[in-house]
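Student: sequence below, structure please.
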Amino acid sequence: MIVVPKVVMVQGSSRGLGLGFVKHNLAKYPESKVIALVEDPKSTIVMSKIRATQLKTLQQFNPNLHIYQLDVTDEQSIQVIPRFFL
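Tutor: As a prediction, the model looks like this:
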């Protein structure tokens with residue numbers, strides 16, 4: 001029996017392993033909701049803009065991909081996480 005997750009949440013998804021996990025889960029579980037958590041989706045750093053563009057491009061072709069900002073040092077930012085699983 002193969003278990004297909006309803007929701008996959010990836011922190012640090014704008015680059016490296018996190019971005020790789022997002023791509024993998026979108027390909028392997030296309031019917032699952034993928035929550036991509038990023039530190040600052042509107043970063044002014046050039047490299048972050050390039051990476052954010054990768055996520056935005058993925059989102060254009062995958063309606064189940066949702067990108068949200070998460071600052072682990074901000075309690076309000078953390079408190080909204082449970083709504084992703086509804």
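
Student: which residues of this structure fall in helices?
Tutor: For the chain, the helices defined by DSSP state H occupy 16-28, 46-61, 75-79.

Student: how about low-confidence regions in the protein?
Tutor: Residue ranges of the chain with pLDDT under 70: 40-52, 85-86.

Student: okay, which residue is most central for it?
Tutor: Using CA atoms, centre = their mean, the residue of the chain that lies closest to the mean C-alpha position is residue 36, 0.7 Å off.

Student: for that residue, which non-adjacent residue is spatially closest?
Tutor: residue 13 (3.8 Å; CB to CB, 6 or more residues apart in numbering). Glycine gets a C-beta too; all of them are placed from N, C-alpha and C.

Student: residues in contact with that neighbour?
Tutor: 19, 21, 22, 36, 37, 38, 55, 67 (CB atoms under 8 Å, 6 or more residues apart in numbering).

Student: okay if I get the residues you listed as JSON lines plus distance to residue 78?
Tutor: Formatted as JSON lines, these follow (distance: CB to CB, whole Å):
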{"residue": "19", "distance to residue 78": "22"}
{"residue": "21", "distance to residue 78": "20"}
{"residue": "22", "distance to residue 78": "20"}
{"residue": "36", "distance to residue 78": "16"}
{"residue": "37", "distance to residue 78": "10"}
{"residue": "38", "distance to residue 78": "14"}
{"residue": "55", "distance to residue 78": "21"}
{"residue": "67", "distance to residue 78": "17"}
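
Student: hmm, back to that, of all the helices of the chain, which lies closest to residue 9?
Tutor: helix 16-28 (9.7 Å; CB to CB).

Student: distance between the ends of stretch 62-77?
Tutor: Taking CA to CA, to the nearest Å, the first and last residues of stretch 62-77 lie 24 Å apart.
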